[in-house]
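Asks: build me a model from this:
(one chain, ligands or ions: 3)
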Amino acid sequence: MSNRTLIRGGLLLTAADETHADVLVEDGRVAALAAHGSAAAGSWTADRTIDATGRYVIPGGVDAHTHMELPFGGTFASDTFETGTRAAAWGGTTTIVDFAVQARGGSLREGLDAWYAKADGKCAVDYGFHMILSDVDESSLKEMDLLVEEGVTSFKLFMAYPGVFYSDDGRILRAMQRGAGNGGLIMMHAENGIAIDVLVEQALARGETDPRHHGEVRKVLLEAEATHRAIQLARVAGAPLYVVHVSAEEAVAELAAARDRGLPVFGETCPQYLFLSTDNLAEPGFEGAKYVCSTPLRPREHQAALWRGLVTDDLQVVSTDHCPFCFSGQKDLGRGDFSKIPNGLPGVENRMDLLHQAVVDGRISRRRWIDIACAAPARMFGLYPKKGTIAPGGDADIVVYDPRAEHVLSAETHHMNVDYSAYEGKRITGRVETVLSRGEVIVDRGEFTGRAGHGAYTPRSTCQYVN
Ligand SMILES: NC(=O)NCCC(=O)O
Ligand SMILES: [Zn+2]
Ligand SMILES: [Zn+2]
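Replies: Residues are numbered from 1 along each chain as shown. Ligands and ions are numbered 1, 2, ... in the order given. Okay, the predicted model is just below:
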């Protein structure tokens, strides 16, 4: 017995088109699209009809950068795969790509299997994995080939965090060369961690221990320098490059210059860099710890360059880098020493709304909203057109979005497992109303109707921008 749902009367938005069309969903997939009032749409019968009149009908969000349960700084990111993917669903995100971690001295296989086990049976929405390479050697390079075949087609390397995730230039070059051969996309955390550690030590010696000093030592120039170096290493290797969590105007300029030369270089930014700034890091007392992440928040002036990069396509993707730590008991670990504050911000639930607010504010178009939040991350990470659009044959991951509803972001009302909101009190025009994941309604006008275990592991093909 097939199961059919009809979404009727909405404005269908994809990265390519805006059409007044009804959507027929059958057995978890998009079966057909037809203009409102057309003979085709009139002939459809369904088990369930969702009235989307006055609403947008958009693809479920694809958040390509999350860290559920990430071990960091002596603690763990506070969202589990269960709580974090439920919050994602509430916020209109129906796919996440999280980061499995290779332990130092461990294999990629062990790291990936540990992350499969953490997520298995827990997720409310579909999920895939990137792999963090912390130990590039002959055997992990060989394992990269196997992971690409298995559907883990992207690898994050760190120029930051010496002694933890850091790789030197030789290791980075080797990983890029391997990626050039096997199709794996290298994702780079581009900050000069060796130089930053010197500045951290010097700041602490001067007694500069408050959260705002986190932003001061992680200098714009050290993000720009690392971005430049990563691009040159990728050129030498003949590999494409995706730079994660770009925060500084000068780093955007490096990406733009590379793209102007026709190089396959891509960039991601995150809502925190678009909406927050060093003003937040400088909030009184220890409040600034809520905003400690790396790359760090920048002075407000950098935001214009990030928005411009999103408009000019020098930046392609907005992901959250969702990595929440509670203010009480976790961010606290860095009282008296900013370098011990666990790095990361919550946001998986807020991304679609914050980017819609940018549409309302006239910063980006409606189609660009869908592109940077759904289609481009799906293409970048080999999920398109199964994910990231609404097209016959694709997964019926669909959000009915009310563009006029108003609400206020707050820890009182959010669903992420964290005791503060980075956007506390921010007014948003636009709200998720109904969410379907592979045809199942998982959020129904203010009620969560999904379940842990509905979300399926989704293997990925290689980057669709370069292959
Ligand atoms: N971004 C951050 O501060 N924490 C998560 C780890 C990373 O992405 O570097
Ligand atoms: Zn990073
Ligand atoms: Zn991250």
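Asks: and the stretch 101-250 of the chain, which residues reach ligand 1?
Replies: By Cβ under 6 Å from any ligand atom, the residues of the stretch 101-250 of the chain that approach ligand 1 are 189, 245. From N, CA and C alone the C-beta is placed, and that goes for glycine too.
Asks: could I get the full set of strands for the stretch 101-250 of the chain?
Replies: For the stretch 101-250 of the chain, strands defined by DSSP state E, counting those that start in this stretch occupy the ranges 126-132, 154-158, 185-189, 241-243.
Asks: residues in contact with the first one?
Replies: Same thing as strand 126-132. The list of residues contacting strand 126-132 from outside it, by Cβ atoms under 8 Å, 6 or more residues apart in numbering, reads 81, 85, 94-102, 108, 111-112, 115-116, 119, 144, 147, 151-152, 154-156, 158, 165, 187, 381, 383, 387, 395, 397, 437-438, 455-460.
Asks: buried subset of those as a ChimeraX selection?
Replies: Listed next is the ChimeraX selection for buried residues among the contacts of strand 126-132, using 16 or more other Cβ atoms under 10 Å:
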select :81,85,94,95,96,97,98,99,100,101,102,108,111,112,115,119,144,147,152,154,155,156,158,165,187,381,383,387,395,397,437,438,455,458,460
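Asks: could I get the strands of the stretch 101-250 of the chain as TSV with distance to Ile372?
Replies: TSV is the format used below for these (distance: least, Cβ to Cβ, whole Å):
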stretch	distance to Ile372
strand 126-132	18
strand 154-158	18
strand 185-189	17
strand 241-243	14
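Asks: dump those strands to TSV, plus mean pLDDT and distance to Gly285.
Replies: Output for those, formatted as TSV (pLDDT from 0 to 100; distance: least, Cβ to Cβ, whole Å):
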stretch	mean pLDDT	distance to Gly285
strand 126-132	98	33
strand 154-158	98	31
strand 185-189	98	29
strand 241-243	98	34
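Asks: show me the contacts for the closest residue to Ala77 other than its chain neighbours.
Replies: In space, and not counting its chain neighbours, Ala77 is closest to Leu70: 4.2 Å by Cβ to Cβ, 6 or more residues apart in numbering. Under the criterion of Cβ under 8 Å, 6+ apart, the neighbours of Leu70 are 76-77, 99, 101, 323, 344.
Asks: closest one to Leu233 out of these, please.
Replies: Here the nearest of those to Leu233, counting by Cβ to Cβ, is Phe99; it sits at 20.8 Å.
Asks: strand 154-158 and the helix or strand hosting the closest one, what's the angle between them?
Replies: Using DSSP states H and E, Phe99 maps to strand 93-101. Angle between the axes of strand 93-101 and strand 154-158 is 60 degrees (criterion: axes from the mean of the first three to the mean of the last three Cα atoms, to 10 degrees).
Asks: from the chain's centroid, how far away is strand 93-101?
Replies: Centroid separation for strand 93-101 versus its chain: 8 Å, with Cα atoms, centre = their mean, to the nearest Å.
Asks: about what we covered before: mind checking pLDDT for the residue nearest to Ala77?
Replies: With respect to pLDDT, Leu70 scores 98.
Asks: how about Leu297, secondary structure?
Replies: coil (DSSP: H, G, I helix; E, B strand; the rest coil).
Asks: picking up where we left off before, export the contacts of Leu70 to CSV and tack on pLDDT?
Replies: Formatted as CSV, these follow (pLDDT from 0 to 100):
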residue, pLDDT
Phe76, 98
Ala77, 98
Phe99, 98
Val101, 98
Cys323, 98
Gly344, 98
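Asks: ok, so of the residues you listed, who is nearest Glu249?
Replies: For those, the residue nearest Glu249 by Cβ to Cβ is Gly344; the value is 22.7 Å.
Asks: which residue sits closest to the closest one, ignoring its sequence neighbours?
Replies: Gly344 sits nearest to Cys323 (Cβ to Cβ, 6+ apart), 2.7 Å away.
Asks: equivalent analysis for Gly336, please.
Replies: Nearest non-adjacent residue to Gly336, counting by Cβ to Cβ, 6+ apart: Thr209, 5.4 Å away.
Asks: and Ile442, by the same measure?
Replies: Leaving aside its sequence neighbours, Ile442 sits nearest to Gly450 (Cβ to Cβ, 6+ apart; 3.1 Å).
Asks: tell me how far stretch 20-31 is from the chain's mean position?
Replies: With Cα atoms, centre = their mean as the basis, stretch 20-31 stands 26 Å off its chain's centre.
Asks: what does stretch 334-344 give?
Replies: Centroid separation between stretch 334-344 and its chain, computed with Cα atoms, centre = their mean, is 23 Å.
Asks: do it and ligand 1 meet?
Replies: Yes. Using Cβ under 6 Å from any ligand atom, stretch 334-344 reaches ligand 1 at 343-344.
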